[in-house]
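>>> I need the structure of the sequence given here:
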Amino acid sequence: MRDTLLLDGIVNSQILLNIKQWIQEQMNKPDTSISGVEQLIVEWNGKEHLVHKVRFL
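Numbers count the residues shown, from 1 in each chain. I've put the predicted structure just below:
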């Protein structure tokens, strides 16, 4: 059980780093490059995180 928790922590940390990187990329875009709405959707299916990048124009 302890190994599973540690593994989950590593996986969760990686997801958080991915989210942080996506947010930084969005914030670094010039205002003129934003066209529409971009979203990062993260879902948990019981085994793993699924990450979806969605753009609405």
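>>> any idea what the closest residue to I15 other than its chain neighbours is bridged to?
Residue nearest to I15 in three dimensions, not counting chain neighbours: H49, with 4.9 Å by CB to CB, 6 or more residues apart in numbering. Every residue, glycine included, has its C-beta placed from N, CA and C. Per DSSP bridges, the residues bridged to H49 are W44.
>>> counting neighbours, what do you get for N28?
Applying other CB atoms under 10 Å, we find 8 other residues in the vicinity of N28.
>>> before we move on, what about W22?
Neighbours around W22, by other CB under 10 Å: 16.
>>> with L40 instead?
Neighbours of L40 under the rule other CB under 10 Å: 15.
>>> about what we covered before: quick one: pLDDT of the residue nearest to I15?
Note for H49: predicted pLDDT of 84.
>>> I41 now?
So I41 comes in at 90 (pLDDT).
>>> ok, now how distant is the nearest residue to it once chain neighbours are set aside from L40?
Spatial nearest neighbour of I41, chain neighbours left out: H52 (4.3 Å); criterion: CB to CB, 6+ apart. Counting by CB to CB, to the nearest Å, the gap between H52 and L40 amounts to 7 Å.
>>> what do the two both touch?
Here H52 and L40 share no contacting residue, scored by CB atoms under 8 Å, 6 or more residues apart in numbering.
>>> quick one: residues contacting the residue positioned nearest the centre of the chain.
Nearest residue to the geometric centre of the chain (CA atoms, centre = their mean): I19, 3.4 Å. Residues in contact with I19 (CB under 8 Å, 6+ apart) are L40, V42.
>>> are we agreed that it is in a helix?
Yes - the assignment for I19 is a helix, going by DSSP: H, G, I helix; E, B strand; the rest coil.
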